[in-house]
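1. For reference, the sequence and a predicted model appear below.
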Amino acid sequence: MPFHEQLVDWNKPLIYLSGDSHALVSAWQSIKFRGVPHLIKPLLVTGLKCWHLRPESNFYPKYNFWNIIPNAPRGSHVIFQYGEIDCREGLVVAMHKCIYEDIAEGAAVAADIYLKVLFEIKEKYDYRIYIHPPSPVIDVTRDIVKIFTNVLKEKVLAVQSKGIMWLDFEESLLTPDKTKLISDFDLDGTHMNPKYLYLLESALEKVVQD
C-alpha cells in the first residue's frame, strides 16, 4: 500500500513536548536527538498559564495539566513550553493594580510557581526536563515576553545542576536589533512556524541529559 512520503514514521522513538497551543507547532515533527531522529509527541494543555499552577488555583487547565503529564513514560525526556500566555494580560493587569512593582517582579512569581511544579514532576516521574523559551510572536506582547524569558532563564540556569535544563535559543528567533520575530518563524501572528525547530534541535544537543 503506497504512503505519502511526508507521513509520520511511527517507528521513530519519542521525545515529549508539553505546552499550550504552541505545542501544536512541533507536534509529530521529527528532530534529531542524541543523533537519532525522534518524533515530538505533544502533551497538549490549552490555555495554561504558569500562574494557574499555583496550589490554590482551581482553574480547569491546571487539572488538565496534571492529567496529561503522566502520558509520558517514567524517565522520558520532556520539553515544557509555557509562559507566553502569562504575558498577554495577566502581568500587565497585576502591575496596574500595584500587586507588583513591575513586569519583572510578576514574572518572577510566575516563574517560581512553574519551576516548583517542574521539580515536583521530575521527582515523581523521573523525567529529564528541558525548558523551551516562551514564543515571542505577538507584536504587542513581545517586550513582555522578553522580560519574562530573561527572568525565567536566570532562574533555570541557577538550578540546571539539579536537572532542569534551559534551551538557549531565544535570541536566535529575533531580528538583529531584537525588536521583531524573524519572518520565517512566524506562522499566524501568534504561533511560530515549524521552521524554527532546527534551533530547538541544536539547543537540545547542547544540554542533553542521560
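-> Happy to help now that I have it.
2. where in this protein is pLDDT low?
-> 1-7 (pLDDT under 70).
3. Let me see the ranges of the helices in it.
-> For the chain, the helices defined by DSSP state H occupy 23-26, 60-68, 90-96, 103-125, 142-159, 197-207.
4. now these as CSV including distance to Leu167 and mean neighbour count?
-> All C-beta atoms are positioned from the backbone trio N, CA, C, and that covers glycine. Formatted as CSV, these follow (distance: least, CB to CB, whole Å; neighbours: other CB atoms under 10 Å):
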stretch, distance to Leu167, mean neighbour count
helix 23-26, 12, 22
helix 60-68, 20, 15
helix 90-96, 22, 16
helix 103-125, 13, 18
helix 142-159, 9, 19
helix 197-207, 4, 17
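5. Relative to Ser172, which of the ones you listed is closest?
-> Smallest distance to Ser172 across these (CB to CB): 5.2 Å, for helix 197-207.
6. Show me what that closest one packs onto, helices and strands only.
-> strand 30-33 (3 or more CB pairs under 8 Å, 6 or more residues apart in numbering; DSSP states H and E).
7. for the residue nearest in space to the middle of the chain, which residues make a bridge with it?
-> The chain has Gln81 as the residue nearest its centroid, 1.3 Å off, counting by CA atoms, centre = their mean. Beta bridges link Gln81 to Gly19, judged by DSSP bridges.
8. Quick check: it vs Ser18, distance?
-> Distance of Gln81 to Ser18, computed by CB to CB, to the nearest Å: 7 Å.
9. try Ala27
-> Taking CB to CB, one finds Ala27 at 11 Å from Ser18.
10. These two: which is more packed in?
-> Ser18 (26 against 16; other CB atoms under 10 Å).
11. what's the longest strand in this structure?
-> Identified as the longest strand of the chain according to DSSP state E is strand 36-44.
12. what distance separates it from the centre of its chain?
-> 14 Å (CA atoms, centre = their mean, to the nearest Å).
13. That one: partners in the sheet, and parallel or antiparallel?
-> strand 14-19 (parallel), strand 30-33 (antiparallel).
14. could you dump those to a markdown table with distance to Tyr114?
-> Supplementary listing: the strands paired with strand 36-44 in a markdown table, determined by distance: least, CB to CB, whole Å:
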| stretch | distance to Tyr114 |
| --- | --- |
| strand 14-19 | 12 |
| strand 30-33 | 23 |
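15. now for the ones you listed, which one comes closest to Gly163?
-> Between Gly163 and those, the shortest gap by CB to CB is with strand 14-19, which sits at 15.8 Å.
16. just the CA coordinates of the closest one, formatted as PDB?
-> In PDB, the C-alpha atoms belonging to strand 14-19 read as follows (Å, rounded to 0.1, in the frame of the first residue of the first chain):
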ATOM      1  CA  LEU A  14       9.700   9.700  21.000                       C
ATOM      2  CA  ILE A  15      10.600  12.900  22.800                       C
ATOM      3  CA  TYR A  16       7.700  14.700  24.500                       C
ATOM      4  CA  LEU A  17       6.700  18.400  24.500                       C
ATOM      5  CA  SER A  18       4.200  19.700  27.000                       C
ATOM      6  CA  GLY A  19       2.700  23.100  26.200                       C
END
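17. Quick one: residues in contact with it.
-> Strand 14-19 is contacted from outside by 23, 26-27, 31, 33, 38-45, 65, 68-69, 71-72, 76-82, 132, using CB atoms under 8 Å, 6 or more residues apart in numbering.
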